[in-house]
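1. Show me how the following folds:
(one chain, ligands or ions: 3)
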Amino acid sequence: MSLPSTSPARTLNPRAPGERGRCSPWASGARWSAAADGSRVQGSAAVSPAGALGSAAAMGILEKISEIEKEIARTQKNKATEYHLGLLKAKLAKYRAQLLEPSKSSSSKGEGFDVMKSGDARVALIGFPSVGKSTFLSLMTSTASEAASYEFTTLTCIPGVIEYKGANIQLLDLPGIIEGAAQGKGRGRQVIAVARTADVVIMMLDATKGEVQRSLLEKELESVGIRLNKHKPNIYFKPKKGGGISFNSTVTLTQCSEKLVQLILHEYKIFNAEVLFREDCSPDEFIDVIVGNRVYMPCLYVYNKIDQISMEEVDRLARKPDSVVISCGMKLNLDYLLEMLWEYLALTCIYTKKRGQRPDFTDAIILRKGASVEHVCHRIHRSLASQFKYALVWGTSTKYSPQRVGLTHTMEHEDVIQIVKK
Ligand SMILES: Nc1nc2c(ncn2[C@@H]2O[C@H](COP(=O)(O)OP(=O)(O)OP(=O)(O)O)[C@@H](O)[C@H]2O)c(=O)[nH]1
Ligand SMILES: [K+]
Ligand SMILES: [Mg+2]
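-> Numbers count the residues shown, from 1 in each chain. Ligands and ions are numbered 1, 2, ... in the order given. Prediction:
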């Protein structure tokens with residue numbers, strides 16, 4: 001491929017990096033309603049009964065899962081089958097959970113996967129074999145991870161550090177995963193366990209291969225409770241000791257009804273609970289709330305090897321939501337990827353200020369979203385929180401500037417803080 005001399009940047013990045021509204025998973029949530037349903041319906045292919053699970057019990061569950069998935073696929077989706085489908089989905093989620101449980105206690109943890117969390121954030125590289133994950137790690141960090149043209153070059157978790165805007169971002173190179181990973185194929189289960197601990201997942205894809213790799217990987221992660229670029233369903237759910245099921249909603253529901261909610265709850269042997277829908281959620285989303293243990297994670301789809309495809313194809317991929325096109329081989333568009341990654345991490349930068357002085361804007365304290373004043377204290381000095389009297393905060397997290405706050409106050413991006421000791 002030859003890159004055009006006129007404005008390649010526009011083709012690579014049809015979105016301006018600052019356009020957080022359109023690319024950030026925290027934006028309005030418009031994308032979210034369409035995504036939930038149907039994903040399981042197509043999921044039948046992903047569950048292969050030939051999964052690497054040894055025990056007969058596990059095989060039994062796999063069979064049950066594939067049977068339910070077949071039935072869901074057979075069942076037409078309409079008003080009359082709504083309850084039936086809802087029940088099937090609840091059953092499916094239950095069996096999937098059972099399938100995953102035993103592995104936690106067994107010895108299948110896998111050597112080399114317990115990498116210590118370090119730095120300000122963690123990013124996991126997930127992808128099929130030989131898409132270029134290790135090449136990427138070696139390029140972006142000072143760590144070298146072996147890259148080669150054969151599959152499964154990487155067998156463990158290799159950590160590196162990206163230094164960007166004063167933050168240390170831990171980047172994890174992982175073995176390639178394949179279809180059936182969630183059922184234990186290859187090192188899939190260990191890889192997915194690491195992915196769950198990340199702040200952002202980079203799903204690396206080979207731009208020369210079809211779209212099917214993306215949907216296969218999404219399905220694998222979905223099936224173990226990882227929700228990509230979705231927010232937690234806004235449903236209040238509280239199991240109770242008695243009193244039956246009290247059901248309410250603050251919005252018009254088009255996908256769930258009281259009866260369906262009850263059916264699903266009964267499937268989980270829950271007969272007393274308070275349920276309040278604050279959003280028009282699907283049955284799948286409601287099941288996610290009951291099951292709990294779901295991880296809602298931002299994901300960047302990174303198409304590598306664009307040096308191998310046509311300009312038109314590059315342009316098409318670059319326009320997909322949550323997507324970035326790169327070439328590790330030709331070092332194309334890596335800066336833009338870093339900008340996007342920074343946005344998706346949505347780290348909070350806090351500036352400190354001494355009494356009577358201007359804030360120090362040269363040295364930000366970098367924290368995860370939702371960090372409190374106490375987190376800030378710990379970052380400055382280990383004993384500061386115990387000597388803390390109050391803090392003055394300027395910025396978007398307070399109503400007044402400055403405002404006197406306590407240790408539990410939640411900080412926001414670019415707030416300025418002055419800490420007053422006892
Ligand atoms: N043409 C081209 N080849 C690339 C690019 N990036 C990586 N490769 C090649 O792709 C092959 C696989 O790269 P790796 O980095 O080993 O891929 P991986 O995803 O870590 O593979 P596993 O560890 O086996 O899962 C190597 O031969 C790389 O040189 C790229 O941007 N363009
Ligand atoms: K490889
Ligand atoms: Mg590798």
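
2. Across the sheet, point out what pairs with Leu205.
-> Beta-bridge partners for Leu205, by DSSP bridges, are Tyr303.

3. What about it, how many residues nearby?
-> 25 (other CB atoms under 10 Å). Glycine gets a C-beta too; all of them are placed from N, C-alpha and C.

4. Please list all residues in contact with it.
-> Residues near Leu205 by CB atoms under 8 Å, 6 or more residues apart in numbering: 127-128, 131, 213-214, 301-304.

5. how about TSV for the residues you listed, with neighbour count and pLDDT added?
-> TSV is the format used below for the contacts of Leu205 (neighbours: other CB atoms under 10 Å; pLDDT from 0 to 100):
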residue	neighbour count	pLDDT
Gly127	26	93
Phe128	21	92
Val131	26	96
Gln213	18	90
Arg214	18	92
Tyr301	22	97
Val302	26	98
Tyr303	27	98
Asn304	25	98
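
6. Residue numbers of the chain in contact with ligand 2?
-> 130, 148, 153 (CB under 5 Å from the ion).

7. and these, which are buried?
-> Buried by 16 or more other CB atoms under 10 Å: 130, 153, out of these.

8. Ile68 and Leu92 touch, don't they?
-> Yes. Between Ile68 and Leu92 there is a contact under CB atoms under 8 Å: 4.9 Å.

9. can you tell me which of the residues of the chain next to ligand 2 lies nearest to Thr208?
-> Nearest to Thr208 among those: Ser130, at 11.0 Å, using CB to CB.

10. Now do the same contact list for the residue in the stretch 301-422 of the chain positioned nearest to ligand 1.
-> Proximity of the stretch 301-422 of the chain to ligand 1 (CB to the nearest ligand atom) peaks at Gly329, 3.1 Å away. Contacts here follow CB under 8 Å, 6+ apart; on that basis Gly329 touches 132, 135, 305, 307.

11. related to what we said a few turns ago, overlap between the contacts of Leu205 and the residues near ligand 1?
-> Among those, the ones lying near ligand 1 by CB under 6 Å from any ligand atom are 127, 131, 304.

12. got the phi/psi numbers for the closest residue to the last one other than its chain neighbours?
-> Looking back up the chat, that one is Asn304. Nearest non-adjacent residue to Asn304, counting by CB to CB, 6 or more residues apart in numbering: Gly132, 4.2 Å away. When quoted as degrees, to the nearest 10, the phi and psi of Gly132 stand at phi 110, psi 20.

13. now Thr208: how far from Val131?
-> Distance of Thr208 to Val131, computed by CB to CB, to the nearest Å: 10 Å.

14. which neighbours do these two share?
-> Overlap between the neighbourhoods of Thr208 and Val131 consists of Lys305, taking contacts as CB under 8 Å, 6+ apart.

15. pLDDT below threshold where in this structure?
-> Applying pLDDT under 70 to the chain flags residues 1-11, 15-59, 98-112.

16. Could you count how many residues lie near Leu137?
-> Counted with other CB under 10 Å, the neighbours of Leu137 add up to 24.

17. Spell out the secondary structure type for it.
-> helix (DSSP: H, G, I helix; E, B strand; the rest coil).

18. can you redo the residues of the chain next to ligand 2 as TSV with secondary structure?
-> Below are those laid out as TSV (three-state DSSP):
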residue	secondary structure
Ser130	coil
Ala148	coil
Thr153	coil
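
19. Pick the one among the residues of the chain next to ligand 2 closest to Pro321.
-> Among the residues of the chain next to ligand 2, and counting by CB to CB, the member closest to Pro321 is Ser130, at 25.3 Å.

20. Need the residues of the chain next to ligand 2 in TSV (columns: distance to ligand 1).
-> Output for the residues of the chain next to ligand 2, formatted as TSV (distance: CB to the nearest ligand atom, whole Å):
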residue	distance to ligand 1
Ser130	4
Ala148	5
Thr153	4
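
21. Can you narrow the residues of the chain next to ligand 2 down to the ones near ligand 3?
-> When CB under 5 Å from the ion is applied, the members of these adjacent to ligand 3 are Thr153.

22. Contact distance from ligand 3 - what residues of this structure qualify?
-> Proximity of the chain to ligand 3 (CB under 5 Å from the ion) is limited to residues 133-134, 153-154.

23. Can you give me every residue that contacts Lys354?
-> Contacts for Lys354 (CB under 8 Å, 6+ apart) come out as Gln418.

24. Show me where the stretch 301-422 of the chain has its helices.
-> 311-318, 334-345, 373-380, 384-387 (DSSP state H, counting those that start in this stretch).

25. how about these in CSV, adding mean neighbour count?
-> As requested, the helices of the stretch 301-422 of the chain are exported to CSV (neighbours: other CB atoms under 10 Å):
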stretch, mean neighbour count
helix 311-318, 17
helix 334-345, 19
helix 373-380, 19
helix 384-387, 13
